[in-house]
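[1] attaching a predicted model along with its sequence, questions to come.
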Amino acid sequence: MNVRRVLFVCLGNICRSPLVEAVARKHLDEAGLDVSVASCGTGGWHTGEGADRRMIAAARVAGHDLSAHCARQLNARDFDDYDLLLAMDRANLRELRQHAPNRELAAKAVLFLEWSAAAPPVEFPDPWHGDAAGFAAAVALAERSVAGFVARLRTA
Ligand code: 4NP
């Protein structure tokens, strides 16, 4: 599979997928890989908003800048525009597959942590309802899993 464009997908596009997008962009750049990344949410409640302030703060501690993020919702064109649509959890994956124009394109949607062959968990926990520790844990998980993601891309 020639993977050149990757879309990270969560529910609101204000916490997990913007975080993973920023971490991935940095690691891909450092690895010299010509792969572009973006993110979106299956839901549209936060369209046009920036990332969650708690997520911005936790990411900043690890050197990732989410301040320019602008949330957007998944649309049907995304299945044509991206080679791979990586869902943060099973609910996101289910939504993604329901919105795919056909079965062939639906196969582009897979679980992010499964695809990146990271250690458990297979779902990326949503920090939105939690405290600052949950946001810090999300950043740590993003760093670990993006390392696996980049390693897999090298062989994809
Ligand atoms: P995310 O987190 O999917 O990681 O961006 C959430 C953000 C907002 C909501 C749920 C999850 N919400 O219900 O508004």
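    Received the coordinates, thanks.

[2] what is the burial count for residue 25?
    Here the count is done by other Cβ atoms under 10 Å, and residue 25 has 16 residues near it. Bear in mind the C-beta positions are built from the backbone N, C-alpha and C, glycine included.

[3] name the element it belongs to?
    Residue 25 is part of helix 16-31 when elements are defined by DSSP states H and E.

[4] is that helix up against the ligand anywhere?
    Yes: under the criterion of Cβ under 6 Å from any ligand atom, helix 16-31 makes contact with the ligand via residue 16.

[5] can I get that helix as CSV, trimmed to CA atoms?
    The C-alpha trace of helix 16-31 is given here as CSV (Å, rounded to 0.1, in the frame of the first residue of the first chain):
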residue,chain,number,x,y,z
ARG,A,16,-7.1,12.9,20.5
SER,A,17,-6.9,13.2,16.7
PRO,A,18,-5.4,16.8,16.7
LEU,A,19,-2.8,15.6,19.2
VAL,A,20,-1.9,12.5,17.2
GLU,A,21,-1.8,14.6,14.0
ALA,A,22,0.7,17.1,15.6
VAL,A,23,2.9,14.3,17.1
ALA,A,24,2.9,12.4,13.8
ARG,A,25,3.7,15.5,11.7
LYS,A,26,6.7,16.1,13.8
HIS,A,27,8.0,12.5,13.8
LEU,A,28,7.4,12.2,10.0
ASP,A,29,9.3,15.4,9.4
GLU,A,30,12.2,14.2,11.6
ALA,A,31,12.1,10.8,9.8
